[in-house]
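# Pasting a predicted model and its sequence here:
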Amino acid sequence: MAAYIIRRFLLLPLILFGISLIVFGMIQSLGSDRLLAAYVNPGLLDKLTPNQLEKIKEKYGLKDPMVVRYAKWLKNTLTGDLGWSVVGKEPVKNAILNRLPWTVELALYSIIPVVFVGVWLGIVAAVNRDKFVDHFVRIFAVVGWSFPDFVFGLIVLMIFYSMLGWFPPGNLSFWADVVVKSPEFKRFTSLVTIDALLNGRFDIFVDALQHMVAPILTLSWLWWAYLLRITRSSMLEVLTKEYIRTARAKGLAENVVIHKHARKNAMIPVITVGGGMVIQLFAGTVIVEMVFNRTGMGSFTAVAATQLDYASIMASTLFYSLILVIGNLVIDILYAAVDPRIRFS
Amino acid sequence: MRTETKRIIKRLLRNPSAVLGFSLLIFFTLVAIFAPIICPPQSYNPYMIPIATWDKTPQPPTAEHPFGIIDGRDIFYGVVWGTRTAFKVGLIVTLVSTLIGLLIGSVAGYFGGWLDEVLMRITDIFLSIPYILAAIVVTAFLGMGLNKVMISLIMFGWMATARLIRGNILQVREEQYVLAARALGVNDYLVILRHVLPNTIFPVIIQATMRIGSLVITAAALSFLGLGAPIGYADWGSLLNFARNWLLGSSGEAFKYWYAIVYPGVAMVLFVLAWNLVGDALRDVFDPRLRG
Amino acid sequence: MRSDTVEKSVLSVKNLKTYFYTEDGIVKAVDGVDFDVFEGETLGIVGESGCGKSVTSLSILRILDEKGKIVEGSILFGGIDLTKISEEAMRKIRGKDIAMIFQEPMVALNPVFTIGEQIVEAIVLHQKVDETTARKIAVDLLRKVGIPEPEKRVDEYPHELSGGMRQRAMIAMALSCKPKILIADEPTTALDVTIQAQIMELMKQLQKEYGMAIILITHDMGVIAENADRVVVMYAGKAVEYTDVKTLFNDPKHPYTWGLLHAIPRLDIEQTRLYNIPGIVPNPLKFPSGCKFHPRCEFAQEKCRIEEPDLEEVAERHFVRCFYWEKVEEAKSKEVGDRR
């Protein structure tokens, strides 16, 4: 198994290389004219003569052969120079670093309800197969899975913000934002909720959470429905296995049979799927941040796409892909940790 | 096969969620087919929702505009013609991406060796970009428009099918009846076509059905972000885009614009629900091992 | 029903009926089974697949599927009726006084726990020992069942052992609390022939050492001949013949047993064709009327189609469920006569 993991690790750069090729290729296909926008303020571009445009193109290497351009871009990326973000009006690297913590925070908090609610309900449904609880939970799950996240988000916004005023959009209230940006507010983890607690500002902690409830609800809604279905089927399958019968024949209490013997086996496929789902949570932030008007990697990417900020788009894509690839690797390791049969093959 | 079909239909009818799913699907199909009759088009492009008023504030439902008005356009028209858009996008993208996936997956699975290795690495790379992100990126580069959205969805939608068919083929390839056919000298393509594919096709169909749902959601999400259909196009996603702007702009009162969200939203949820239920039902019938 | 003495009868099953309530109808998996299990002896339950022998054993331990219910009968163990006690009381008996091993050890052992962990679990559950002691006991048990290097094996996972060793591990686990009865459901069916012999040998040896009774469930008459003391022959959920093993082979009285014995290929006489009982095992949802075996029985008469026979003691400690068992006797003596 160690060999397997190592092989996957080695494939990582290959995959990232492949992704970069795809994205790079797409951008370059636009032609050097449109690309100029990444380097020069579009407002200025109209005022330049074709001659000046050519000179600028040369200066930024837009006239070089593709391979050279890729090499330059690669070198820049690896050294941290990701270009200029039109949307953020700052270097892409800074734009990302400023927005990343918000998204990470949102995604992390969302994992908790997804995993616990999804898995727990899935087990409950499986153990009570065909009874009322089971049907109810399954309908819940199918509907949840069919609900587009942005529709759900809009409805949540409508009810909890427009109607009740409980959970406003955005990241923080104006007053909290001022405090957070001030020099007295020390940043330890760059995650606002934790920093708020570390700074002793419980009020900011609450404010941040208040702004997160609705997006978390929306983000997790889709996924715990999915996780529930997977857990349920996995659990049902495990419950038909012979070793469950052996466990009962030994005289074990039913809840030990379920929670010790069945669950550990049922979790194996759930981890694989659940892991992939956590990664999708990150992808989901693109929509959710837009719906709730939050600052973060997600909304940054969406806006960059609409405004054709190529440097930002490329960087975001690479970033999300990196998460996905690493995430898959982590899942594989977890999978081997849980299933001893994999460990030895 | 006839008694088999009858048995399948009987089983499907016994399952209430299957019945619901199929009924919804039939309903939507009818709406899509009869769209020109329900909402007669008022311009050369029936997909552009006609402008009902020049006042941009949303108007609540009236007898003339049963679902209300948003951005000056009739929501009812948008929802009805949006059904056609949903079917168009869903079916075309699924069909084409499934075919591509079938091609790549079968070749990889059947011939194996370095061809398989290479194709699978490429598949891995494509799989490494989250779907919605890929769609956003490609659409950004191709420009706005529903067709471009469909292309980007197809470009990144074939991988699951490819993997599935490849896995099935790897299994079936070693089965006795395939070896027997090859031992008889049947050429490779015929073996794939007549022995391998018929036995591996059902999971693909089921998977495709289940994909349509999430596909429509992703397409709508793109429209919602402003990347898909042009403004005023009959598309549920873009209708909701309007709704968002109005919702965020006000507070305490926005519930009065509920119709802007509820009607297109419900249409979308029911449409996706229908496909999911049908996919579930098909899976229960054809692969009882997976039954929940 | 019988005139048996109840001396040293460890388990006494009377008129057991277990039905399954399925969507397609009621399946009468066990519909009238009677037998006794005596201390230190092996009771064999033999029959074709689907005759209800496994369900009988699951009924004894009451680990039936949700849809299964014991609808009638009694199972007396140590003076109490197992069909009537609470689930909690039943759990104290399972794995401790009555233990069970299953056919396929690969699927019957939990793949994510080591065999040590699984044995220790059984020990700690029923006995008041701590984990370290339990582990020692487990290692000793593994050694006793013939697994080499038990200290190493105890920390291995089921998939790391061979089929024969896994079965031994299961036996170790079942014996960990020194049960009075061991139920073995087709313990050797999934194993190679040579390993089969070893496992049966091991079980006999342990039986003598622990003084326990064994209920051996199998479809293999050969295994019965070598290992059982008394035998119950089952067909379509009912016990059709019940006697000691020698009598069963030398003097069978039920047409089904007669058929089973004839189906065993013989080395000592000329056979041009292998015999098998005509017809197939009936669908439990569509049982034939009257005697369940009559469509396949070469001795069947009109009465067999209408009425069902009871299990009757027709000779000392020899029970048969058949109206015309004498015809079987006749056929038997004719055969013996022919051969002389």
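Here it is on my side, so go on. As the structure is a computational prediction, the values presented were derived from the model and not from experiment. Residues are numbered from 1 along each chain as shown, chains lettered A, B, ... in the order given.
# Below-threshold pLDDT in the stretch 151-300 of chain C: ranges please.
Applying pLDDT under 70 to the stretch 151-300 of chain C flags no residue at all.
# That one: strands as residue ranges?
Counting by DSSP state E, counting those that start in this stretch, the stretch 151-300 of chain C has strands at residues C:181-185, C:213-218, C:230-235, C:238-244.
# same check, this time on the stretch 101-250 of chain B
Counting by DSSP E, counting those that start in this stretch, the stretch 101-250 of chain B contains no strands.
# which residue does it bring closest to chain C?
residue B:171 (20.6 Å; Cβ to the nearest Cβ). Where C-beta positions appear, they are placed from N, C-alpha and C, glycine not excepted.
# check which helix or strand covers the closest residue to residue B:219 other than its chain neighbours.
The shortest distance from residue B:219 to any non-neighbouring residue, by Cβ to Cβ, 6 or more residues apart in numbering or on different chains, is to residue B:89 (4.9 Å). Under the criterion of DSSP states H and E, residue B:89 resides in helix B:75-111.
# where's the residue nearest to residue B:219 relative to residue B:47, distance?
12 Å (Cβ to Cβ, to the nearest Å).
# Between the two, tell me which one has more neighbours.
The residue with more neighbours, out of residue B:89 and residue B:47, is residue B:89; 26 against 20, by other Cβ atoms under 10 Å in any protein chain shown.
# In contact with the more buried one, which residues?
B:146, B:149, B:150, B:153, B:215, B:216, B:219 (Cβ atoms under 8 Å, 6 or more residues apart in numbering or on different chains).
# Buried ones from the residues you listed, can you make that a ChimeraX selection?
Buried members of these, defined by 16 or more other Cβ atoms under 10 Å in any protein chain shown, are picked up in ChimeraX with:
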select /B:146,149,150,153,215,216,219
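# and the contacts of residue B:89 as JSON lines, adding pLDDT?
Formatted as JSON lines, the contacts of residue B:89 follow (pLDDT from 0 to 100):
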{"residue": "B:146", "pLDDT": "82"}
{"residue": "B:149", "pLDDT": "85"}
{"residue": "B:150", "pLDDT": "89"}
{"residue": "B:153", "pLDDT": "88"}
{"residue": "B:215", "pLDDT": "87"}
{"residue": "B:216", "pLDDT": "88"}
{"residue": "B:219", "pLDDT": "87"}
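# what number of residues lie near the closest residue to residue A:192 other than its chain neighbours?
In space, and not counting its chain neighbours, residue A:192 is closest to residue A:208: 4.8 Å by Cβ to Cβ, 6+ apart. By other Cβ under 10 Å, the residues close to residue A:208 number 23.
# again with the one 3 residues further on
By the other Cβ under 10 Å criterion, the neighbourhood of residue A:211 contains 23 residues.
# My guess is it contacts residue A:169. True?
Yes. Using Cβ atoms under 8 Å, residue A:211 makes contact with residue A:169 at a distance of 7.4 Å.
# what touches both of those two?
Common neighbours of residue A:211 and residue A:169, using Cβ under 8 Å, 6+ apart, are A:292, A:294.
# And the residue nearest the centre of the chain?
If you meant another chain, say so; for now it's chain A. residue A:282 (0.7 Å; Cα atoms, centre = their mean).
# The chain in question should be chain C.
Central residue of chain C (Cα atoms, centre = their mean): residue C:217, at 2.4 Å.
# got the contact list for that residue?
Per Cβ under 8 Å, 6+ apart, neighbours of residue C:217: C:44, C:45, C:46, C:53, C:54, C:56, C:57, C:183, C:184, C:185, C:186.
# Next step: the residues you listed restricted to helices.
In helices, defined here by DSSP state H, the members of these are C:53, C:54, C:56, C:57.
# which one of the residues you listed is nearest residue C:337?
residue C:53 (34.0 Å; Cβ to Cβ).
# Correct me if wrong: the closest one contacts residue C:43.
No. With contact defined as Cβ under 8 Å, residue C:53 does not count as touching residue C:43 (11.3 Å).
# Please say which of these two ends up with more neighbours.
Counted by other Cβ under 10 Å, residue C:53 and residue C:43 do not tie: residue C:53 has more neighbours, with 28 against 25.
# any idea how far residue A:84 is from the residue lying closest to residue B:133 once chain neighbours are set aside?
Using Cβ to Cβ, 6+ apart and skipping the chain neighbours, the partner closest in space to residue B:133 is residue A:320 (5.2 Å). Using Cβ to Cβ, residue A:320 is found at 20 Å from residue A:84.
# One more: residue A:322?
21 Å.
# likewise residue C:22?
70 Å.
# give me the low-pLDDT residue ranges for the stretch 101-250 of chain B?
Residues of the stretch 101-250 of chain B that meet the cut-off, pLDDT under 70, sit at B:188-189, B:191-192, B:195-196, B:199, B:247-250.
# Then the stretch 201-345 of chain A?
Using pLDDT under 70, the stretch 201-345 of chain A drops low at A:342-345.
# Where is the longest helix in chain A?
From DSSP H, the single longest helix across chain A is helix A:202-239.
# Can you spell out which helices and strands pack onto it?
The elements that helix A:202-239 packs onto, with contact taken as 3 or more Cβ pairs under 8 Å, 6 or more residues apart in numbering or on different chains; DSSP states H and E, are helix A:92-127, helix A:132-146, helix A:149-156, helix A:174-181, helix A:192-198, helix A:263-291.
# buried sites along stretch A:129-146?
By neighbour count with 16+ other Cβ under 10 Å, stretch A:129-146 contains the buried residues A:134, A:137, A:138, A:141, A:142, A:144, A:145, A:146.
# wait, which of those is closest to residue A:185?
Looking across the buried residues of stretch A:129-146 and measuring by Cβ to Cβ, the closest to residue A:185 is residue A:144, at 37.7 Å.
# mind listing what that closest one touches?
A:221, A:222, A:224, A:225, A:226, A:228.
# still on that earlier bit, common neighbours of residue B:89 and residue B:47, please.
With Cβ under 8 Å, 6+ apart, residue B:89 and residue B:47 have no common neighbours.
# What mean pLDDT does stretch C:316-325 get?
Mean pLDDT, stretch C:316-325: 89.
# Can you classify residue C:33 as helix, strand or coil?
Using DSSP: H, G, I helix; E, B strand; the rest coil, the secondary structure recorded for residue C:33 is strand.
# all helices of chain B, in order?
With helices called from DSSP H, chain B shows them at B:2-14, B:16-33, B:35-38, B:75-111, B:113-127, B:131-142, B:146-155, B:159-173, B:176-183, B:188-190, B:197-225, B:236-249, B:258-286.
# of all the ones you listed, which lies closest to residue A:311?
helix B:131-142 (12.2 Å).
# The closest one packs against which elements?
Helix B:131-142 sits against helix A:2-28, helix A:263-291, helix A:297-306, helix A:310-338, helix B:146-155, helix B:197-225, with contacts defined as 3+ Cβ pairs under 8 Å, 6+ apart.
# Now do the first one against helix B:131-142, angle only.
When you say that, I think you mean helix A:2-28. Using axes from the mean of the first three to the mean of the last three Cα atoms, to 10 degrees, the inter-axis angle of helix A:2-28 relative to helix B:131-142 is 30 degrees.
# Output the contacting helices and strands for helix A:2-28.
helix A:66-78, helix A:310-338, helix B:113-127, helix B:131-142.
# could I get those helices as CSV with mean neighbour count?
What follows is those, written out as CSV (neighbours: other Cβ atoms under 10 Å in any protein chain shown):
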stretch, mean neighbour count
helix A:66-78, 13
helix A:310-338, 20
helix B:113-127, 16
helix B:131-142, 24
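# how far away is residue C:143 from chain A?
21 Å (Cβ to the nearest Cβ, to the nearest Å).
# Got the confidence number for that residue?
For residue C:143, the model assigns a pLDDT of 91.
# Can you report how many residues neighbour it?
16.
# show me the contacts for it.
Counting by Cβ under 8 Å, 6+ apart, residue C:143 makes contact with residue C:150.
# Does it lie in a helix or a strand, and which?
Counting by DSSP H and E, residue C:143 is part of helix C:131-144.
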